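Asker: For reference, the sequence and a predicted model appear below.
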Amino acid sequence: MLDHPHIARIHDFIKAGNLGFILMEYVDGKTLEDLCDDRPGHFFEPAEIEKWILQLCEALTYAHEKARLVHNNLKPANLMVSAEGNLKVIGFGLPPSNGLPLANYMSPQQMDGEKPGALDDIYATGATIFHLYTGKPPLYHDTHCNLSDYYRLVYNHWLVLHEVAPPTMAVCRKELGIVGKPIPGKWEDVVAACLAKNPAKRPQSAREIAVRLGLCPA
């Protein structure tokens with residue numbers, strides 16, 4: 001059982017016939033995806049997310065190093081902000097949903113169906129930060145299409161994910177017409193490292209992310 005102030009507790013799993021239910025801690029708040037969508041321009045400024053990213057790194061450090069669990073479905077929709085303004089990670093222990101919305105935050109290794117590991121959560125952390133700064137995940141693809149186009153899009157996304165480096169967040173903001181404060185270089189560098197195709201080139205822990213961003217001491 002995960003027991004951390006920034007991870008929503010799961011109290012029980014209940015099965016009724018072919019249906020399964022999860023009894024989870026109630027979080028009075030909104031997801032980061034909803035909060036981002038609600039903002040003018042659908043993006044956050046750099047200083048506004050520092051607290052939440054630190055809390056996310058603390059939660060992942062606990063999960064990876066103490067509980068020996070990975071999230072495997074990390075994205076803004078699975079990160080809630082409570083009424084008190086603190087982050088709560090939801091969705092631990094649940095199988096990932098299917099489809100391109102999740103694939104926007106998937107590492108190439110997840111897309112290939114490899115066994116999930118902590119470095120996939122590191123990739124998803126970078127993709128999440130990218131989304132919060134720009135309003136879109138890296139290598140974003142529109143998912144509103146018919147079924148035949150959907151399968152073509154899945155294949156194309158696989159190719160892009162494996163072969164195309166995402167733009168910097170500053171370039172993405174410019175392409176989307178976002179006018180905001182400059183994104184600090186260290187955030188660009190860390191997010192780019194998190195999104196590395198090769199897991200060995202990513203930060204090797206969530207704590208390393210926080211240290212490199214200057215959110216906690218080394």
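Answerer: Nice, I can see it. Residues are numbered from 1 along each chain as shown.

Asker: Mind jotting down where the helices sit in the protein?
Answerer: 32-38, 50-61, 100-103, 108-111, 118-134, 147-163, 169-175, 185-194, 206-212 (DSSP state H).

Asker: and those, which one's lowest on average pLDDT?
Answerer: Mean pLDDT values for the helices of the chain show the minimum at helix 100-103, a mean of 58.

Asker: Out of the helices of the chain, flag the one nearest residue 8.
Answerer: helix 50-61 (9.8 Å; CB to CB). For glycine as for every other residue, the C-beta is placed from the backbone atoms N, C-alpha and C.

Asker: Show residues contacting that closest one.
Answerer: 4, 6-7, 32, 71, 79, 81, 85-87, 89, 118, 121, 125, 128-129, 205-207, 209-210, 213, 215-216 (CB atoms under 8 Å, 6 or more residues apart in numbering).

Asker: Kindly recompute the last result at 6 Å.
Answerer: Residues from elsewhere that reach helix 50-61 (CB atoms under 6 Å, 6 or more residues apart in numbering): 4, 6-7, 87, 89, 121, 206-207, 209-210, 215.

Asker: which of the helices of the chain is buried the deepest?
Answerer: helix 118-134 (a mean of 25; mean count of other CB atoms under 10 Å).

Asker: quick revisit: which of the contacts of helix 50-61 sit farthest apart?
Answerer: Across the contacts of helix 50-61 (CB to CB), the longest gap, 18.0 Å, separates 7 and 215.

Asker: Those two: who's more crowded?
Answerer: Taking other CB atoms under 10 Å, residue 7 and residue 215 do not tie; residue 7 has more neighbours (25 against 16).

Asker: Touching, the more buried one and residue 89? I think so.
Answerer: Yes - the pair formed by residue 7 and residue 89 meets the contact definition of CB atoms under 6 Å, at 4.8 Å.

Asker: Roughly how far does residue 213 sit from residue 71?
Answerer: Applying CB to CB, to the nearest Å, the value for residue 213 to residue 71 is 19 Å.

Asker: Pick out whichever of those two has more residues nearby.
Answerer: residue 71 (25 against 20).

Asker: list the contacts for the more buried one?
Answerer: 92, 121.

Asker: Recalculate using a threshold of 10 Å.
Answerer: 7, 59-60, 63-64, 78, 89-94, 96, 116, 118, 120-121, 124-125 (CB atoms under 10 Å, 6 or more residues apart in numbering).

Asker: Just put the helices of the chain in CSV and tack on distance to residue 23.
Answerer: Shown next, in CSV, are the helices of the chain (distance: least, CB to CB, whole Å):
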stretch, distance to residue 23
helix 32-38, 23
helix 50-61, 20
helix 100-103, 24
helix 108-111, 28
helix 118-134, 24
helix 147-163, 34
helix 169-175, 38
helix 185-194, 33
helix 206-212, 27
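
Asker: Can you say which of those is nearest to residue 25?
Answerer: helix 50-61 (13.4 Å).

Asker: For the closest one, C-alpha coordinates in PDB please.
Answerer: What follows is helix 50-61, C-alpha atoms only, in PDB (Å, rounded to 0.1, in the frame of the first residue of the first chain):
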ATOM      1  CA  GLU A  50       7.700  24.500  -9.300                       C
ATOM      2  CA  LYS A  51       5.900  23.400  -6.200                       C
ATOM      3  CA  TRP A  52       3.900  20.700  -8.000                       C
ATOM      4  CA  ILE A  53       6.800  19.300  -9.900                       C
ATOM      5  CA  LEU A  54       8.800  19.000  -6.600                       C
ATOM      6  CA  GLN A  55       5.900  17.200  -5.000                       C
ATOM      7  CA  LEU A  56       5.600  14.900  -8.000                       C
ATOM      8  CA  CYS A  57       9.300  14.100  -7.800                       C
ATOM      9  CA  GLU A  58       9.000  13.400  -4.100                       C
ATOM     10  CA  ALA A  59       6.000  11.100  -4.800                       C
ATOM     11  CA  LEU A  60       7.900   9.200  -7.600                       C
ATOM     12  CA  THR A  61      11.000   8.900  -5.500                       C
END
